[in-house]
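> Everything below, folded, please.
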Amino acid sequence: MLNGCLRQSRGSTWAVSLCKRGIMTSCRSYDDAIDKLMSLHSVADVLKVAERRKSSNLVATETYLSRLGVELSDLNRLNAIHVAGTKGKGSTCAVTESILRKSGYKTGFFSSPHLMEIRERIRINGKPLPRDKFADYFFRIWDIFEKDCYEETPQIPRFPSFFKFLVVMSYVVFLEEKVDAAIMEVGIGGRYDCTNVIQCPLVTGITHLGYDHTAILGSTIESISWQKAGIMKPNVPVFTIRQHFKNSIPVLVDEARRNNVELTIVPPLVEYSNPPSVSLDNCSDNISLAIQIANSWLSRYNSNVNTVAITTNAKDNNANSDSEQQEAYAEPFHLSQPFREGVESYKWPGRHHVISRDKITFYLDGAHTSLSVELCGQWFAENTATNSRLKVLIVNTTKSRNVHQFIGNITKFSKISLILFCPNIGSHSRVIKDCEWPESMKQKMMDVAYLNADTWNDSTSIIPSLAFPSVEEAVNHVVNLKREADVLITGSLHLVGASIQVLCPTLLDDFESSPTKKCCHSMDVELGQTT
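Got it, this is the predicted structure:
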């Protein structure tokens, strides 16, 4: 490969030849890598890439891999699991990874976005890639693209975009690290997402579908479902959950038929025997989906399934009549110890995440769609309804969303007394390089926060709101009220990540020490000070 980087002869192991090319990476740090990576991440470029999510996105990804010496057929060695969806795809991947790791397999896991450090996106055996190893892999790839003599085009510039670079890098890392399974979370959509260059995964999964990224994926649930269904591959099992929007199912079924597979709906978590000791909250569907995905992967992997897709036997779209069964239903089964331990020990920070200190309990969840925010509001209410503490909402939402409708999905469940709008900025005084926004973007986000507060206060709502330029200042405002309080932080995973920087800055180090250690429940910084 790494064209010049990672070449594999038949029957040999992956071999690194960069040393022969005189490319040295040891003197360049993780921070140096992040500086380079962030240079690919301008707002304008992100918007252009988002508008161009078509088949050319896959062609570009394949081209960059090829320039590194990685052919699409090489990716079949990863025995991949590919998961798409609107809500819950990250947690589904995390549970799946945990089950396979507990079953004795070496895992690679790609996810997005990150909460605190970019290296969280690429994990080996549940742990983020160490800083030195991230830098080493990064610069081996960067140097090849930098010295690349290929002609640049608007579709394929010298360097990939920020997200595409990380996808390409994850495939390289997983190949070199010789993982048994690579769990790949889709970025946006699925059909044209650059993770979808993988041709022959062992299993695919589709989580809850809903309305999000409509400017890219379309404004109807059918168009969104069609985009998500694009990860299905010929003769590769596909699992999904009972969908909230029923008109998504025919779209998924149709795509499954095209690929000669049955769409299989997973059972409720409570139907398994020897069930895991977990609270049956809004994540139960994701856990059941992960269990079925892991079980299918184990069966196919241990049966030495030929992962080369047979496209000639795919059913014609009109082969089945409407009277035939449209989807299958997976059977619950007795969960073995690795499955129980995998579910009970998995950790996915920033989702239903609780941090407590003194008089304040913070509830963090990265919900950002109408349905997920409503479920988040229910979760917060279930945990706080029986006490008389002050209820505060710290929230961020984009300018395009209806702020009253968005927040209404929370306030209809909880008696919120105060709303604090703030951007996805943890602190203006303590900045983590991986989460630093361009100055122009910071100002735009702060402007939206103040606009949302003004819009809310101009309405007939009796709940007061304020706006702050950072999470740190919003949290300090609550602390300085000197009251017992329950604080819900939601609206964006980026906001949750910024909040963890303030409330629990050692979380990533704690996670690295043990991927099964529970998230920190105490704050390691002084709060309540003016900034």
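> Okay, now the unreliable bits of the stretch 151-300 of the chain?
279-282 (pLDDT under 70).
> same thing but 80
Scanning the stretch 151-300 of the chain for pLDDT under 80 picks out 278-282.
> where do the helices sit along it?
Counting by DSSP state H, counting those that start in this stretch, the stretch 151-300 of the chain has helices at residues 162-176, 214-217, 221-229, 249-258, 284-302.
> will you turn these into CSV that also has mean neighbour count?
C-betas here are computed from N, CA, C, even on glycine. Shown next, in CSV, are these (neighbours: other Cβ atoms under 10 Å):
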stretch, mean neighbour count
helix 162-176, 23
helix 214-217, 15
helix 221-229, 22
helix 249-258, 20
helix 284-302, 23
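> Dump the ones you listed to TSV, plus distance to E341.
Shown next, in TSV, are these (distance: least, Cβ to Cβ, whole Å):
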stretch	distance to E341
helix 162-176	23
helix 214-217	36
helix 221-229	30
helix 249-258	31
helix 284-302	12
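> do you know which of those helices lies nearest T455?
Closest to T455 of those is helix 214-217 (Cβ to Cβ; 20.9 Å).
> To which secondary structure element is E97 assigned?
Following DSSP states H and E, one finds E97 within helix 89-102.
> Of all the helices of the stretch 151-300 of the chain, which one is nearest I206?
In terms of Cβ to Cβ, the element of the helices of the stretch 151-300 of the chain nearest to I206 is helix 221-229, at 5.6 Å.
> Output the contacting helices and strands for the closest one.
Contact here means 3 or more Cβ pairs under 8 Å, 6 or more residues apart in numbering; DSSP states H and E; on that basis helix 221-229 packs against helix 214-217, helix 249-258.
> and the last one, how far from the chain's centre?
The chain centroid and the centroid of helix 249-258 are separated by 24 Å, computed with Cα atoms, centre = their mean, to the nearest Å.
> how about the CA coordinates for it, as CSV?
Taking Å, rounded to 0.1, in the frame of the first residue of the first chain, the C-alpha atoms of helix 249-258 are listed here in CSV:
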residue,chain,number,x,y,z
ILE,A,249,-39.4,0.3,4.7
PRO,A,250,-40.5,-0.2,1.1
VAL,A,251,-37.5,1.8,-0.1
LEU,A,252,-35.2,-0.4,2.0
VAL,A,253,-36.9,-3.6,0.8
ASP,A,254,-36.6,-2.6,-2.8
GLU,A,255,-32.9,-1.9,-2.5
ALA,A,256,-32.4,-5.3,-0.7
ARG,A,257,-34.2,-7.1,-3.5
ARG,A,258,-31.9,-5.4,-6.0
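> so that helix versus helix 221-229, what angle?
Helix 249-258 and helix 221-229 are oriented at 40 degrees to each other (axes from the mean of the first three to the mean of the last three Cα atoms, to 10 degrees).
> Which strands and helices lie in contact with helix 249-258?
Helix 249-258 packs on helix 221-229, strand 238-240, strand 263-265, going by 3+ Cβ pairs under 8 Å, 6+ apart.
> any chance of the ones you listed in a markdown table, with distance to Y105 too?
Shown next, in a markdown table, are the helices and strands packed on helix 249-258 (distance: least, Cβ to Cβ, whole Å):
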| stretch | distance to Y105 |
| --- | --- |
| helix 221-229 | 27 |
| strand 238-240 | 19 |
| strand 263-265 | 22 |
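> Which residues are in contact with G88?
207-208, 283, 285-286, 289 (Cβ atoms under 8 Å, 6 or more residues apart in numbering).
> switch the cut-off to 10 Å
By Cβ atoms under 10 Å, 6 or more residues apart in numbering, the contact list for G88 reads 95, 205, 207-208, 241, 282-283, 285-287, 289-290, 348, 351, 372, 375.
> Among those residues, give me the pair with the biggest separation.
For the contacts of G88, the farthest-apart pair by Cβ to Cβ is G205 and L375; their separation is 19.3 Å.
> of those two, who's got more company?
G205 (30 against 23; other Cβ atoms under 10 Å).
> Would you check that that one makes contact with S296?
Yes - with contact defined as Cβ atoms under 10 Å, G205 reaches S296; the gap is 9.2 Å.
> Spit out the residues that contact the two alike.
In contact with both G205 and S296: 81, 237-239, 264, using Cβ under 10 Å, 6+ apart.
> ok, of those, which one's closest to L72?
Taking Cβ to Cβ as the measure, I81 is the one of the shared contacts of G205 and S296 closest to L72, at 17.1 Å.
> distance of that closest one from K164?
Remark: distance between I81 and K164 (Cβ to Cβ, to the nearest Å) = 20 Å.
> Over to N247?
Using Cβ to Cβ, N247 is found at 32 Å from K164.
> now do F333
Counting by Cβ to Cβ, the gap from F333 to K164 is 39 Å.
> For this protein, which residues score under the pLDDT cut-off?
In the chain, residues with pLDDT under 80: 1-27, 41-55, 148-149, 278-282, 304-326, 398-401, 429-440, 460, 506-531.
> Can you tell me the centre-most residue of it?
Centroid-nearest residue in the chain: S112, 3.7 Å away (criterion: Cα atoms, centre = their mean).
> Surely it touches K164?
No - the pair S112 and K164 fails to qualify as a contact (Cβ under 10 Å) at a distance of 11.5 Å.
> Mutual contacts of these two, please.
Common neighbours of S112 and K164, using Cβ under 10 Å, 6+ apart, are 187, 195.
> residue ranges of the strands in the stretch 351-500 of the chain, please?
Assigned by DSSP state E, counting those that start in this stretch, the strands in the stretch 351-500 of the chain fall at 353-357, 360-364, 390-395, 418-421, 465-467, 485-490.
> follow-up on the earlier one: which strands and helices sit next to the helix holding E97?
Applying 3 or more Cβ pairs under 10 Å, 6 or more residues apart in numbering; DSSP states H and E, one finds that helix 89-102 contacts strand 81-84, strand 107-110, strand 181-185, strand 203-206, helix 284-302, helix 337-345.
> Tabulate those (CSV), appending distance to V270.
As requested, those are exported to CSV (distance: least, Cβ to Cβ, whole Å):
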stretch, distance to V270
strand 81-84, 22
strand 107-110, 27
strand 181-185, 25
strand 203-206, 20
helix 284-302, 8
helix 337-345, 13
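> what helix or strand does A135 sit in?
Using DSSP H and E, A135 falls in helix 131-146.
> buried stuff in that helix?
131, 133-145 (16 or more other Cβ atoms under 10 Å).
> what angle separates that helix from helix 162-176?
Orientation check (the same axes, to 10 degrees): helix 131-146 against helix 162-176 gives 110 degrees.
> Against which helices or strands is helix 131-146 packed?
helix 18-21, helix 30-38, helix 55-67, strand 122-124, helix 162-176.
> Would you list the strands that the shortest one pairs with, along with their directions?
What that stands for is strand 122-124. Strand pairing for strand 122-124, using DSSP bridges, gives strand 107-110 (antiparallel), strand 127-128 (antiparallel).
> would you turn those into JSON lines with mean neighbour count and distance to E151?
Rendered in JSON lines, the data for the strands paired with strand 122-124 read as follows (neighbours: other Cβ atoms under 10 Å; distance: least, Cβ to Cβ, whole Å):
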{"stretch": "strand 107-110", "mean neighbour count": "26", "distance to E151": "29"}
{"stretch": "strand 127-128", "mean neighbour count": "18", "distance to E151": "36"}
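> These into CSV, with extra columns for distance to D365?
Rendered in CSV, the data for the strands paired with strand 122-124 read as follows (distance: least, Cβ to Cβ, whole Å):
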stretch, distance to D365
strand 107-110, 21
strand 127-128, 21
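> Quick check: which of the ones you listed is nearest to A182?
Of all those, it is strand 107-110 that lies closest to A182, at 4.3 Å by Cβ to Cβ.
> what about the closest one, distance to the chain center?
Offset of strand 107-110 from its chain centre (Cα atoms, centre = their mean): 12 Å.
> now do stretch 120-129
Here stretch 120-129 is found 13 Å from its chain centre; the criterion is Cα atoms, centre = their mean.
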